[in-house]
Structure formats: structure tokens, C-alpha cells
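*Asks:* Here's my sequence, what's the structure:
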Amino acid sequence: MSAIFDLQAAGVSFGPVHALADVTLRIGHGESVALVGANGSGKSTLLRLLHGLQRPTAGQCVSHATARQAMLFQRPFMLRTSARNNVALALWLRGTPWQAAKDKALEALERVELADKAGRPARTLSGGQQQRLAMARAWALQPDVLMLDEPTASLDPHAKREVEQLMAEFASGAQRQDGRPVTVIFASHNLGQVKRLATRVIYLEQGRVQADLPVQEFFDVERLCAVSPTAHLFVKGEQV
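*Replies:* Reported below is the predicted structural model:
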């Protein structure tokens, strides 16, 4: 599997604080990678590094030059305009003519079952609807890589299921016009969600990768204990 990201001893420091340290890993096309760990372990910083929002202060982070990326934050940013325009503006900024962008935006909203909310101010939508709107915005851009930072952390169970379904569709390629699987990288505290959606799990602790395993091995007690006892404690809920 060819690498879409290649990190070699990558680190990110903010003054004396080492948010990431000595991170070496490769992420291939079509993988669904979950980043797990306690608050402050470096998950969000790693996502920002991969997305190009943060530069490494040590080592290197190389990404595939032609890969289109989209990133969803825990609280997606909504412009003070309609749901439809929130999607259309993203397309327009990529060079799509305005009318074509509006048509594509409506198609994207239909994909996430928000077409009936197209004219509503985006900031008046519920938390779950805003996450689905952010998903629609990502779908319209047809990314090769989708990154999500705790995408369901503040949502009710029904909204979580809806967002998880969209994430699974992205990973399978169902949300792409060409049917190609999307590389999905997401940070989550929800281990059930990790089991359902990930093919690979990376456990971080104090900015360092302590475990990097296929999802089946990560949730195998003996295997995980052999690789990282602290990761095992985290899975058991004994490490915060």
C-alpha cells in the first residue's frame, strides 16, 4: 500500500511544551485510522500536522502532493449564511462558478439528508445537523483524505449514529462519485466507535506513539498488553 503520509521522527513543540515527539509512522491510501489517548496526548496536534495546519518543529511530515484533504473539527465553523451557501462557498473558493456551486451544494445536502434545511441559517441548526452539514461540505469537495477531530463528542446518540454512518460511507467510497475509498483519520474517545469504524488504531501518550496496531489486535488483551501496558489500561478505562 502506497503511503499518503510519511512521518519521520516528527515533533511539534510550543515553547517548552512538546505536543508531539519522535512520531514515525506511515498512513496508506484507503486506511481508516483512529487516534486514541487521553486529553492532551497529542491527537489534535497530530491531525493538524497531517492536514498542514501545523508545521513540525522537528523531523519531517511528508504528504502525497496530489491528495485533496478535508478536515472537520469537533465544533465545525459555520458562516453567517444559509446551509446551502456554506457548502457553495467552499466550492466557489475552489474555482467552481457560483451557480454550479449552488447546484452542487444542494446535491451534497441531499446526500446527508439536509436538503430541506438548505435555506436555513447554518448557525441555527442543531449540533448533529451542523456536523452533517460539515460532512456535506467535505463531500462536495470530493477529498482523498478526510480528517475528523472528535466528530461526535457533543452529539446525542441518534446524531452520533448519523455521523458515523457518513464516516463509514466515506471510508467505503460510497460518498465519492468515482467510488474510490477515502483515507479517514479521526480522533475519538469513543472506543465503540473506534471498533466500528477503524481498521487501525494509534494510541498516543504525552505526544508519543505507544501503540500502532490493526483494530482487531488493539482490542486483543494479550497483544495490547505486550505492546503497551498503558494502552491496555486506557482501554480498560483505568487511565484518564
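*Asks:* Can you tell me what sits against the helix-or-strand element of the chain with minimal mean pLDDT?
*Replies:* Least confident element among the helices and strands of the chain, by mean pLDDT, DSSP states H and E: helix 157-172 (a mean of 87). With C-beta atoms under 8 Å, 6 or more residues apart in numbering as the test, helix 157-172 has contacts from 30, 32, 112, 126-129, 131-132, 135, 138-139, 146, 148, 151-152, 155, 175-176, 181-182, 184, 186, 190, 193, 196-197. Every residue, glycine included, has its C-beta placed from N, CA and C.
*Asks:* Whichever of the residues you listed end up buried, select them in PyMOL.
*Replies:* Buried members of the contacts of helix 157-172, defined by 16 or more other C-beta atoms under 10 Å, are picked up in PyMOL with:
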select buried, resi 30+32+112+127+128+129+131+132+135+138+139+146+148+151+152+155+175+176+181+182+184+186+190+193+197
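*Asks:* taking the contacts of helix 157-172 one by one, which sit in helices?
*Replies:* Members of the contacts of helix 157-172 lying in helices (criterion: DSSP state H): 127-129, 131-132, 135, 138-139, 193, 196-197.
*Asks:* Please identify which pair of those residues lies farthest apart.
*Replies:* Maximum pairwise distance among the ones in helices among the contacts of helix 157-172 (C-beta to C-beta): 21.6 Å, between 129 and 196.
*Asks:* gap between the least confident helix or strand of the chain and the chain center?
*Replies:* 12 Å (C-alpha atoms, centre = their mean, to the nearest Å).
*Asks:* Quick check: the gap between the residue of the chain most remote from its centre and residue 114.
*Replies:* Residue farthest from the centre of the chain, counting by C-alpha atoms, centre = their mean, is residue 99 at 29.4 Å. To residue 114, residue 99 is 20 Å away according to C-beta to C-beta, to the nearest Å.
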